[in-house]
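In: Structure for the following, please:
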Amino acid sequence: MIHSFDELTHPGQLIAGVEFKQLKTWPDDRGFFREIVRTTDSFFNTGSQNPPFAQWSHSKMAHNTVKAWHFHHLQLDWWYCGIGVIQTVLYDLREESPTYRKKIEVKMGDSDDDPQALSLVVRIPQGVAHGLKVLTDFAHLFYITSETYNPEDEGRHPFDSDVVPHNWGDSSKLIVAANDRRTFIPTAPRKQLAQ
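Out: Prediction:
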(Lines give C-alpha, C1' and ligand atoms only; values in the text may rest on other atoms or scores of the structure.)
Protein backbone atom coordinates (compact mmCIF):
# COMPACT_ATOMS: atom_id res chain seq x y z
CA MET A 1 0.00 0.00 0.00
CA ILE A 2 1.30 3.45 -0.93
CA HIS A 3 1.15 6.04 1.87
CA SER A 4 2.33 9.36 0.38
CA PHE A 5 1.92 11.34 -2.80
CA ASP A 6 5.71 11.39 -3.31
CA GLU A 7 5.83 7.60 -3.08
CA LEU A 8 2.81 7.33 -5.36
CA THR A 9 4.40 9.45 -8.10
CA HIS A 10 7.89 7.94 -7.86
CA PRO A 11 8.86 6.66 -11.33
CA GLY A 12 9.25 3.10 -10.02
CA GLN A 13 5.65 3.08 -8.75
CA LEU A 14 3.88 4.36 -11.86
CA ILE A 15 1.75 2.46 -14.36
CA ALA A 16 2.07 3.85 -17.90
CA GLY A 17 -0.76 6.31 -18.56
CA VAL A 18 -1.99 6.41 -14.94
CA GLU A 19 -1.70 9.89 -13.47
CA PHE A 20 -2.49 11.30 -10.05
CA LYS A 21 -3.32 14.86 -9.05
CA GLN A 22 -2.78 15.82 -5.43
CA LEU A 23 -5.61 18.03 -4.25
CA LYS A 24 -5.32 21.13 -2.09
CA THR A 25 -7.89 21.97 0.54
CA TRP A 26 -8.62 25.44 1.88
CA PRO A 27 -10.45 25.11 5.23
CA ASP A 28 -12.22 27.88 7.10
CA ASP A 29 -14.94 28.20 9.75
CA ARG A 30 -17.64 27.18 7.26
CA GLY A 31 -15.91 23.94 6.15
CA PHE A 32 -13.50 23.82 3.20
CA PHE A 33 -13.05 24.45 -0.51
CA ARG A 34 -11.31 21.89 -2.73
CA GLU A 35 -10.79 22.22 -6.48
CA ILE A 36 -10.95 18.80 -8.18
CA VAL A 37 -10.36 19.07 -11.96
CA ARG A 38 -9.71 21.85 -14.46
CA THR A 39 -9.95 21.34 -18.20
CA THR A 40 -6.42 22.74 -18.37
CA ASP A 41 -4.99 19.97 -16.14
CA SER A 42 -2.52 17.96 -18.23
CA PHE A 43 -3.88 14.68 -16.82
CA PHE A 44 -7.36 15.63 -18.12
CA ASN A 45 -6.14 15.58 -21.73
CA THR A 46 -7.28 12.57 -23.80
CA GLY A 47 -4.92 13.26 -26.70
CA SER A 48 -7.73 13.93 -29.14
CA GLN A 49 -9.66 16.89 -30.53
CA ASN A 50 -12.71 15.88 -28.51
CA PRO A 51 -13.21 17.19 -24.98
CA PRO A 52 -12.47 14.51 -22.37
CA PHE A 53 -15.74 14.92 -20.52
CA ALA A 54 -18.70 12.71 -21.52
CA GLN A 55 -20.31 11.72 -18.21
CA TRP A 56 -20.07 12.58 -14.51
CA SER A 57 -21.25 9.91 -12.06
CA HIS A 58 -21.62 9.50 -8.30
CA SER A 59 -21.58 6.18 -6.45
CA LYS A 60 -22.46 5.86 -2.75
CA MET A 61 -21.22 2.56 -1.33
CA ALA A 62 -21.48 0.78 2.02
CA HIS A 63 -18.60 -0.56 4.14
CA ASN A 64 -16.87 -3.61 2.61
CA THR A 65 -18.36 -3.02 -0.84
CA VAL A 66 -15.97 -4.26 -3.51
CA LYS A 67 -16.26 -3.14 -7.12
CA ALA A 68 -13.72 -4.96 -9.28
CA TRP A 69 -12.28 -5.69 -11.78
CA HIS A 70 -13.38 -3.21 -14.45
CA PHE A 71 -11.45 -2.11 -17.53
CA HIS A 72 -12.24 -0.38 -20.81
CA HIS A 73 -11.04 -0.39 -24.40
CA LEU A 74 -12.35 3.10 -25.24
CA GLN A 75 -13.08 4.98 -22.01
CA LEU A 76 -10.81 6.86 -19.64
CA ASP A 77 -11.88 7.33 -15.99
CA TRP A 78 -11.01 10.04 -13.47
CA TRP A 79 -11.84 9.00 -9.87
CA TYR A 80 -12.24 11.16 -6.76
CA CYS A 81 -13.44 9.89 -3.37
CA GLY A 82 -15.07 12.93 -1.76
CA ILE A 83 -16.49 11.29 1.38
CA GLY A 84 -15.12 8.26 3.22
CA VAL A 85 -12.08 6.17 2.31
CA ILE A 86 -11.59 3.57 -0.40
CA GLN A 87 -8.76 1.17 -1.13
CA THR A 88 -8.07 1.77 -4.83
CA VAL A 89 -6.21 -0.90 -6.78
CA LEU A 90 -4.97 -0.50 -10.37
CA TYR A 91 -3.44 -3.29 -12.46
CA ASP A 92 -1.96 -2.99 -15.95
CA LEU A 93 -3.49 -5.59 -18.30
CA ARG A 94 -1.82 -4.21 -21.48
CA GLU A 95 0.74 -6.67 -22.86
CA GLU A 96 2.45 -3.92 -24.91
CA SER A 97 2.87 -1.69 -21.86
CA PRO A 98 6.28 -1.22 -20.22
CA THR A 99 4.41 -1.62 -16.90
CA TYR A 100 2.45 -4.76 -17.89
CA ARG A 101 1.25 -6.60 -14.75
CA LYS A 102 2.26 -3.73 -12.44
CA LYS A 103 -0.11 -3.06 -9.55
CA ILE A 104 -0.71 0.14 -7.55
CA GLU A 105 -2.65 0.14 -4.30
CA VAL A 106 -3.54 3.39 -2.50
CA LYS A 107 -6.08 4.68 0.02
CA MET A 108 -8.08 7.58 -1.40
CA GLY A 109 -10.46 9.84 0.45
CA ASP A 110 -10.99 11.92 3.55
CA SER A 111 -7.96 12.00 5.82
CA ASP A 112 -10.23 12.88 8.77
CA ASP A 113 -11.47 9.27 8.50
CA ASP A 114 -7.99 7.82 7.93
CA PRO A 115 -4.75 9.82 8.18
CA GLN A 116 -3.16 7.51 5.57
CA ALA A 117 -5.82 8.38 2.97
CA LEU A 118 -4.69 10.71 0.20
CA SER A 119 -6.87 13.47 -1.23
CA LEU A 120 -6.33 13.02 -4.94
CA VAL A 121 -7.78 12.33 -8.36
CA VAL A 122 -6.55 9.38 -10.40
CA ARG A 123 -6.67 9.11 -14.20
CA ILE A 124 -7.24 5.50 -15.30
CA PRO A 125 -6.43 4.78 -18.96
CA GLN A 126 -7.82 2.10 -21.24
CA GLY A 127 -6.54 -1.40 -20.48
CA VAL A 128 -5.85 -0.77 -16.78
CA ALA A 129 -8.01 -2.88 -14.47
CA HIS A 130 -9.42 -0.91 -11.57
CA GLY A 131 -11.18 -1.87 -8.41
CA LEU A 132 -12.00 -0.57 -4.97
CA LYS A 133 -13.05 -1.60 -1.50
CA VAL A 134 -14.86 0.72 0.91
CA LEU A 135 -12.91 0.95 4.18
CA THR A 136 -15.19 3.36 6.10
CA ASP A 137 -18.88 3.06 7.04
CA PHE A 138 -19.68 4.38 3.56
CA ALA A 139 -17.90 6.24 0.76
CA HIS A 140 -18.87 8.48 -2.12
CA LEU A 141 -16.95 8.07 -5.38
CA PHE A 142 -17.33 10.83 -7.97
CA TYR A 143 -15.99 9.98 -11.39
CA ILE A 144 -15.77 11.50 -14.84
CA THR A 145 -15.56 9.33 -17.93
CA SER A 146 -14.44 10.24 -21.45
CA GLU A 147 -17.31 8.22 -22.96
CA THR A 148 -20.96 7.87 -22.00
CA TYR A 149 -21.83 4.52 -20.43
CA ASN A 150 -21.53 1.72 -22.97
CA PRO A 151 -22.07 -1.84 -21.70
CA GLU A 152 -20.02 -3.14 -24.64
CA ASP A 153 -16.99 -1.25 -23.27
CA GLU A 154 -17.44 -2.18 -19.59
CA GLY A 155 -14.86 -4.99 -19.40
CA ARG A 156 -14.88 -7.17 -16.32
CA HIS A 157 -13.02 -9.90 -14.54
CA PRO A 158 -14.47 -11.33 -11.30
CA PHE A 159 -13.40 -9.50 -8.13
CA ASP A 160 -11.58 -12.67 -7.01
CA SER A 161 -10.11 -13.56 -10.42
CA ASP A 162 -6.56 -14.87 -10.73
CA VAL A 163 -6.09 -12.39 -13.61
CA VAL A 164 -5.30 -9.71 -11.01
CA PRO A 165 -3.11 -10.81 -8.07
CA HIS A 166 -5.08 -9.21 -5.25
CA ASN A 167 -7.05 -10.40 -2.24
CA TRP A 168 -9.85 -8.15 -0.95
CA GLY A 169 -10.12 -10.08 2.33
CA ASP A 170 -12.70 -12.47 3.74
CA SER A 171 -15.19 -12.87 0.86
CA SER A 172 -18.00 -13.76 3.29
CA LYS A 173 -17.84 -10.17 4.62
CA LEU A 174 -17.74 -8.42 1.24
CA ILE A 175 -20.64 -6.83 -0.61
CA VAL A 176 -20.22 -7.74 -4.28
CA ALA A 177 -22.75 -7.31 -7.11
CA ALA A 178 -23.44 -10.05 -9.66
CA ASN A 179 -21.68 -7.99 -12.36
CA ASP A 180 -18.47 -8.13 -10.32
CA ARG A 181 -18.54 -11.92 -10.39
CA ARG A 182 -18.46 -12.28 -14.18
CA THR A 183 -16.03 -11.97 -17.08
CA PHE A 184 -16.68 -9.79 -20.11
CA ILE A 185 -14.12 -8.62 -22.68
CA PRO A 186 -15.11 -5.42 -24.53
CA THR A 187 -15.91 -5.86 -28.21
CA ALA A 188 -14.26 -2.66 -29.49
CA PRO A 189 -10.51 -2.68 -30.21
CA ARG A 190 -8.60 -1.15 -27.30
CA LYS A 191 -6.95 2.21 -27.80
CA GLN A 192 -3.21 1.63 -27.69
CA LEU A 193 -0.70 3.44 -25.51
CA ALA A 194 0.45 6.76 -26.95
CA GLN A 195 4.04 6.51 -28.09
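In: Every contact and neighbour count from this point should use C-alpha atoms.
Out: Fine.
In: I figured residue 146 hits residue 56, correct?
Out: No. Counting by C-alpha atoms under 8 Å, residue 146 does not reach residue 56; the two are 9.2 Å apart.
In: ok, these two, which is more surrounded?
Out: Higher neighbour count among residue 146 and residue 56: residue 146, with 20 against 14, using other C-alpha atoms under 10 Å.
In: Got the phi and psi for the more buried one?
Out: Here is the backbone geometry of residue 146 (degrees, to the nearest 10): phi -80, psi -10.
In: Quick one: end-to-end distance for stretch 8-28.
Out: Start to finish, the residues bounding stretch 8-28 are 28 Å apart (C-alpha to C-alpha, to the nearest Å).
In: Stretch 85-102 too?
Out: One end of stretch 85-102 to the other measures 23 Å (C-alpha to C-alpha).
In: contact partners of the least confident helix or strand in the chain by mean pLDDT?
Out: For the chain, counting by mean pLDDT, DSSP states H and E, helix 5-8 ranks last in confidence among helices and strands (a mean of 86). Contacts to helix 5-8, defined as C-alpha atoms under 8 Å, 6 or more residues apart in numbering, come from residues 2, 13, 14, 22, 118.
In: where does this protein dip in pLDDT?
Out: Under the criterion pLDDT under 70, the flagged ranges of the chain are 46-51, 193-195.
In: One more pass at 90, please.
Out: By pLDDT under 90, the low-scoring segments of the chain are 1-14, 25, 37-54, 110-113, 187-195.
In: give the contact list for the residue located most distally from the centre of it.
Out: In the chain, the residue that sits farthest from the middle, by C-alpha atoms, centre = their mean, is residue 29; the gap is 31.5 Å. Contact analysis of residue 29 by C-alpha under 8 Å, 6+ apart lists nothing.
In: ok, back up a step: nearest to residue 157 among the contacts of helix 5-8?
Out: Nearest to residue 157 out of the contacts of helix 5-8 is residue 14 (C-alpha to C-alpha; 22.3 Å).
In: Can you report how many residues lie near the closest one?
Out: Look at residue 14: counted by other C-alpha under 10 Å, it has 17 neighbours.
In: Most neighbours among the contacts of helix 5-8, which one is it?
Out: The residue in the contacts of helix 5-8 with the most neighbours, by other C-alpha under 10 Å, is residue 118 (23 neighbours).
In: Bridged to it, which residues?
Out: Beta-bridge partners for residue 118, by DSSP bridges, are residue 108.
In: Can you list the residue ranges for strands in the chain?
Out: Assigned by DSSP state E, the chain shows strands spanning 19-22, 25-28, 31-34, 55-62, 66-71, 77-83, 85-92, 103-109, 120-124, 128-134, 138-145, 155-156.
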